[in-house]
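Enquirer: need a structure here:
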Amino acid sequence: SLVYKSPDYVAFCPNNQIIQPANTQAECVAQGGQWNGNVAPAAAPKSDISTPVEPAGYCNLNYTCQNNYDAASKTYERNVFITLVILGAISLVAGILLSANAVVSLGLAYGGVLSFIIASARYWSSADNLIKVIILFIALALLIGVAIKKFKE
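Expert: Numbers count the residues shown, from 1 in each chain. Presented below is the predicted three-dimensional model:
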């Protein structure tokens, strides 16, 4: 986050001090909102009491800016995932290659694995189903590999 800043919600959806209500579909769409019409209730029993007039719907004024923010956040999370996986792979390879110092080698290897775990956890909610399957397959393969290595010893 020091080098690559995450999208700021307020930059996409500013907090205005005065909000102009949108009472019609045309006003709502003109302000970048999403109009949600009311669904007529089933036949209500008639009564002598006059019922208040229900508005025709409501407007979600943050619809467009929220969609833009979500798209920017998804791109940001994907880029962070790729960066963490690359850095984790470099750390893991460095840990394997630097076998002269066992403590440094082990620290780099564990750091690489931890980077993979953090990257997967951060990106999990934004990932497509195919990416999730690939992440799970790699994790399962690594666990099986570690288990086989440990049981052979």
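
Enquirer: Only C-alpha atoms from now on, for both contacts and neighbour counts.
Expert: Will do.

Enquirer: Residue ranges in this protein under the pLDDT threshold?
Expert: Low-confidence segments of the chain (pLDDT under 70): 39-55, 146, 150, 153.

Enquirer: can you map out the helices along it?
Expert: Secondary structure of the chain (DSSP state H): helices at 9-12, 25-30, 63-97, 102-123, 129-152.

Enquirer: The ones you listed: which one's closest to Ser1?
Expert: Between Ser1 and those, the tightest spacing by Cα to Cα is seen for helix 63-97, at 9.2 Å.

Enquirer: what's the distance between Leu98 and Leu114?
Expert: From Leu98 across to Leu114, the span is 18 Å (Cα to Cα, to the nearest Å).

Enquirer: Next: Leu2.
Expert: 19 Å.

Enquirer: between these two, which one's more packed in?
Expert: Neighbour count, other Cα atoms under 10 Å: between Leu2 and Leu114, Leu114 has more, with 16 against 5.

Enquirer: what's the closest non-adjacent residue to that one?
Expert: Once flanking residues are discounted, Leu114 sits nearest to Gly88: 7.6 Å by Cα to Cα, 6 or more residues apart in numbering.

Enquirer: just Ala119 next, same as before
Expert: Phe81 (4.9 Å).

Enquirer: Just want the most central residue of this structure.
Expert: Nearest to the mean C-alpha position of the chain, counting by Cα atoms, centre = their mean, stands Ser126 at 4.3 Å.

Enquirer: So what's the residue count around the closest residue in space to that one that isn't next to it in sequence?
Expert: With sequence-adjacent residues excluded and distances taken as Cα to Cα, 6+ apart, Ser126 is closest to Lys74, at 6.1 Å. Each residue near Lys74 was counted by other Cα under 10 Å, and the total is 17.

Enquirer: Please apply the same query to Tyr69.
Expert: Around Tyr69 there are 19 residues (other Cα under 10 Å).

Enquirer: show me the contacts for it.
Expert: Residues in contact with Tyr69 (Cα atoms under 8 Å, 6 or more residues apart in numbering) are Pro7, Asp8, Tyr9, Phe12.

Enquirer: If we use 6 Å, what do you get?
Expert: Listed by Cα atoms under 6 Å, 6 or more residues apart in numbering, the contact set of Tyr69 reads Phe12.
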